[in-house]
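Chemist: build me a model:
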Amino acid sequence: METTNVLSFEKDSHSINSLWYYYPDHKLRFNGLLITEISCKMDFQSFPFDSHQCIFYLKNWIGSTRRVILKPPILLTNYEDGNNHEVDEITLPGGNYEFNFKTLPTSTFKDGGDGGSMAQVEINFKRTSSSRNQVFGGYYVQTGTFATLSLLSYFIEQSIVPGRMGMLITLYLIKVNTYNSVEAPPGRGFSSIDIWSLGMQIPILVAILEYGILLSMKKFWTKGGNQLEDGGGNYETIMKHMDLFTFIASAFYLVVFNVCYWFIGMFY
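Modeler: The predicted structure follows:
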């Protein structure tokens with residue numbers, strides 16, 4: 001925090017700080033310039049749906065409310081027309097976030113036995129639409145498309161191993177590389193975007209696992225062509241039923257996961 005020490009005892013002084021006695025009210029008036037930097041602990045677990053709130057407190061530690069009462073701060077802005085305006089609330093853009101400043105009513109705080117006067121400014125900021133759309137278009141849409149395309153693998157003949165397995169492995173690798181390219185806040189923990197990443201991996205991994213099971217059945221459990229050992233039935237028929245069941249289950253999972261994910265995301 002930085003503050004100036006240049007004082008003037010004139011009411012209409014052009015200096016930075018001024019201290020003067022206002023006769024009609026028999027009160028001392030003090031004007032001062034305070035330059036400060038504040039920090040706020042933020043939680044990015046809901047990224048990219050994250051929004052944050054900080055409260056800036058101004059407290060009078062010398063004298064109770066019987067002697068000093070801090071009025072609500074006044075916000076000055078010339079954002080719209082170049083002229084200074086006194087407002088109680090203002091919203092300003094700032095990079096990936098939209099900042100909202102709002103003054104709060106004067107309150108008191110306990111300092112020993114007496115209560116001191118306290119003024120507050122509430123600072124709220126949330127991601128802009130363009131910032132969210134950049135993440136949605138650059139990551140959510142792409143990875144959702146990869147997970148959906150993995151469903152097409154169930155329509156590839158089981159005998160075409162390079163085509164079916166190659167498609168699934170390629171989709172999985174591209175999806176992983178896409179996740180690594182996301183500019184997400186470090187140290188956010190397991191955030192909303194990580195939940196989406198895991199959720200979109202599941203259909204691809206299930207398709208790979210299901211196809212691996214089919215190949216192992218053909219290698220170890222069949223005899224004399226496509227007939228399963230111990231009278232287990234025809235391998236081709238079982239393969240088609242497994243593909244159909246897994247396809248329906250994966251498609252249903254994608255629909256339910258997207259509905260739950262975006263429904264919950266709307267409340268952040």
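
Chemist: what does the helix or strand hosting residue 170 rub up against?
Modeler: For residue 170, the host element (DSSP states H and E) is helix 161-180. Residues outside helix 161-180 that contact it (CB atoms under 8 Å, 6 or more residues apart in numbering): 139, 142-143, 146-147, 149-150, 152-153, 156-158, 197, 200-201, 204-205, 207-208, 211, 215. (Glycine included, C-beta is placed from N, CA and C.)

Chemist: of these, keep whichever come out buried.
Modeler: Among the contacts of helix 161-180, those scoring as buried are 139, 142-143, 146-147, 149-150, 153, 156, 158, 197, 200-201, 204, 207-208, 211 (criterion: 16 or more other CB atoms under 10 Å).

Chemist: show me what the longest helix anywhere in the chain packs onto, helices and strands only.
Modeler: In the chain, taking DSSP state H as the definition, the longest helix is helix 235-265. Helices and strands touching helix 235-265, as assessed by 3 or more CB pairs under 8 Å, 6 or more residues apart in numbering; DSSP states H and E, comprise helix 141-149, helix 192-220, strand 227-228.

Chemist: out of the ones you listed, flag the one nearest residue 75.
Modeler: Closest approach to residue 75 among the helices and strands packed on helix 235-265 is made by helix 192-220 (32.3 Å; CB to CB).

Chemist: burial check on residue 250, number of neighbours?
Modeler: Applying other CB atoms under 10 Å, we find 22 residues neighbouring residue 250.

Chemist: list the contacts of it.
Modeler: So residue 250 contacts 150-151, 203, 206-207 (CB under 8 Å, 6+ apart).

Chemist: and the helices in the stretch 1-150 of the chain?
Modeler: Secondary structure of the stretch 1-150 of the chain (DSSP state H, counting those that start in this stretch): helices at 129-135, 141-149.

Chemist: out of those helices, point me to the one whose mean pLDDT is lowest.
Modeler: Of all the helices of the stretch 1-150 of the chain, the segment with the smallest mean pLDDT is helix 129-135, scoring a mean of 78.

Chemist: now that one: buried residues?
Modeler: Buried residues in helix 129-135 (16+ other CB under 10 Å): 132, 134-135.

Chemist: any idea of the mean pLDDT for the helix holding residue 170?
Modeler: For helix 161-180, mean pLDDT rounds to 86.

Chemist: same check on stretch 90-102?
Modeler: Mean predicted confidence for stretch 90-102 is 77.

Chemist: residues in contact with it?
Modeler: 75, 77, 79, 88-89, 121-128, 131.

Chemist: swap in stretch 109-128?
Modeler: 40, 48-61, 63-65, 68-73, 75, 93-94, 96-104, 106-108.

Chemist: distance from that stretch to the middle of the chain?
Modeler: Here stretch 109-128 shows a centroid-to-chain-centroid distance of 25 Å under the convention CA atoms, centre = their mean, to the nearest Å.

Chemist: buried sites along that stretch?
Modeler: 116-121, 124-127.

Chemist: same question for stretch 177-194.
Modeler: So, applying 16+ other CB under 10 Å, buried residues of stretch 177-194: 178-179, 182, 188, 191-194.

Chemist: quick one: residue 59 from residue 202, how far?
Modeler: Using CB to CB, to the nearest Å, residue 59 is found at 51 Å from residue 202.
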